[in-house]
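[1] what follows is a predicted protein model with its sequence.
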Amino acid sequence: MNLVHRFQRYMQETLGISVNDKVLLAVSGGRDSMLMAHLFLAAGYPCVIAHCNFHLREVDADLDEQLVKEFAEQHKVPFFVRHFQTNDYAEEYGLSTQMAARELRYAWFKELREQQGALWIAIAQHQDDHIETVLLNLTRGTGLQGLQGILPKRGNIIRPILFLSSEEITTSVEELQIPFRDDQSNFSTKYARNKVRLEIIPKFREISPEFDDIMCENIVHFQEAYDLLQSFVVPIRNESFIPVGSLIRISKAKLEPHLQRLPLLFELFKPYGFSKSVLADMRKHWNGEPGKIFCSTQYELLLDREDVWLKVQKEKQCSHVVKIHVDTAAFSFANREFAVSIDGDTSLRRSENVLQADFEKLQFPLVLRFWKEGDYFYPLGMGGKRKKVSDYFIQKKIGRYEKDTIPILINGNGDVLWIVNYRADNRYKITKSTKKVFTLVCK
């Protein structure tokens, strides 16, 4: 079977890509990506070519760009290039040069794919990259997920030459006389991946000439084991981790049966970056006083009375406000939809998700926001006594994180009008003298 047929088979059977699917090709000018571009064109796929100039290799970067541009023009393929000031970006965001380049290119590829109506972004990673990734992950510490190597397909990203070894690519490029340029940085062992490629893997091949085949077979076993583990973990997570606005609520009763199995607990919380030591600490405080918080790099866990609450750290919800004017008819806020009406119907609608207020007492614009320390109101039906909103939340047994998701409607004079879906303010209720009613419905 010739190379083009092998490529077509891999695209259709492994990746599930139709020959009519438009693909954005990420082409650097190296032999891997130039061969990938050749195969896509030979197989008849509609393509566009994208090239990144990171300005890291002076004149060589410009020569790479020129090569790819000429190739695209020769084959009448749309060509796009983006220039990046990579070192400036890395310094600004505190990243390594490699990580900065990665962030920049993937963000642009995503943007360009959508602009050009392409379904897929093709990256020219191959079998040797696959093996190197697993070995690197082992040196950094990894579980089964890291031992899967490079997945052939993830979201809109595909790796269509993952079935080829580096040796096969070199041979094919020579036989097909495909132009390419070598990036000299690929031969420097100051980078960890290059050290694995140039020094460590050759030693393994000396020990076992079948090293590459054995590693690929092992990776398949790792992938199958990971899939089996996820088939057990994901249903538990889906049943127990319930989205509530911007938070995730986890019932203690549902999580408790799994507490003694720390490896399972770790897998359940793995998408949120919690280490085993943090989860073990959480387990120690399980039956302690509510309010204890545990952190990963991006998330917080709060142990409440009956639930565990999960949220992104430092979420700036308090800055989120919506102004409601006299002519506002509908709007959204905090994943909720609201409808506004003003009329002379004074009949009462007894529902927690409906506010009816005396229109003449309101000062526009009204504001919908989240609660703040110091907020107070006069709860309707509670004897007209002033009450702090925070005390009302405690009375209703609303948890620390949950209360941060509850909208509060504020009059133009600063008074609290309504704790949405809970209680209105007594001062603005409909009376016999009310002539016009302001109605806000939370759908």
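    Great, that's in hand. Residues are numbered from 1 along each chain as shown.

[2] what segments of the stretch 201-350 of the chain are helices?
    201-207, 211-240, 252-255, 262-269, 276-284 (DSSP state H, counting those that start in this stretch).

[3] in this structure, where is pLDDT below threshold?
    Scanning the chain for pLDDT under 70 picks out 1, 187-188, 313-319, 400-401.

[4] same thing but 50
    Counting by pLDDT under 50, the chain contains low-confidence ranges at 315-319.

[5] show me how it divides into domains.
    As assigned by automatic domain parsing, the chain contains the domains 3-212, 245-312, 317-442.

[6] among those domains, which is nearest N218?
    domain 3-212 (8.1 Å; CB to CB). No exception for glycine: its C-beta is placed from N, CA and C like everyone else's.

[7] re the thing from before, out of the helices of the stretch 201-350 of the chain, which is the most enclosed?
    Highest mean neighbour count of those: helix 262-269, a mean of 18 (counted as mean count of other CB atoms under 10 Å).

[8] which other helices and strands contact that helix?
    Counting contacts by 3 or more CB pairs under 8 Å, 6 or more residues apart in numbering; DSSP states H and E, helix 262-269 packs against helix 211-240, helix 276-284.

[9] with just CA atoms, put that helix into CSV.
    Taking C-alpha atoms only, helix 262-269 is exported to CSV below (Å, rounded to 0.1, in the frame of the first residue of the first chain):
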residue,chain,number,x,y,z
LEU,A,262,-8.3,8.1,47.7
PRO,A,263,-7.3,7.1,44.2
LEU,A,264,-10.9,7.2,43.1
LEU,A,265,-11.4,10.6,44.9
PHE,A,266,-8.3,11.9,43.0
GLU,A,267,-9.8,10.8,39.6
LEU,A,268,-13.1,12.4,40.4
PHE,A,269,-11.5,15.8,41.1
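
[10] can you list contacts of it?
    Contacting residues not belonging to helix 262-269 are listed as 229, 233, 236-237, 240-241, 255, 258-259, 274-276, 279-280, 283, 301 [CB atoms under 8 Å, 6 or more residues apart in numbering].

[11] helix or strand right after the helix or strand hosting R102?
    Under the criterion of DSSP states H and E, R102 resides in helix 97-116. Using DSSP H and E, the helix or strand that follows helix 97-116 towards the C-terminus is strand 120-122.

[12] for that next one, packing partners?
    Applying 3+ CB pairs under 8 Å, 6+ apart, one finds that strand 120-122 makes contact with strand 23-26, helix 97-116, strand 157-158.

[13] can you give me how far the strand or helix carrying A424 is from the chain middle?
    Assigned by DSSP H and E, A424 belongs to strand 423-424. Relative to its parent chain, strand 423-424 has a centroid offset of 36 Å by CA atoms, centre = their mean, to the nearest Å.

[14] that strand: what's the following helix or strand?
    According to DSSP H and E, the helix or strand after strand 423-424 is strand 437-442.

[15] using PDB, list the CA coordinates for that next one.
    Extracted as PDB, the C-alpha positions of strand 437-442 are listed here (Å, rounded to 0.1, in the frame of the first residue of the first chain):
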ATOM      1  CA  VAL A 437     -47.200  47.600  39.000                       C
ATOM      2  CA  PHE A 438     -43.600  46.800  38.100                       C
ATOM      3  CA  THR A 439     -43.300  43.100  37.500                       C
ATOM      4  CA  LEU A 440     -40.000  41.200  37.100                       C
ATOM      5  CA  VAL A 441     -40.100  37.500  36.300                       C
ATOM      6  CA  CYS A 442     -37.100  35.200  36.700                       C
END
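
[16] packing partners of it?
    Secondary-structure packing of strand 437-442 (3+ CB pairs under 8 Å, 6+ apart): strand 336-343, strand 354-358.
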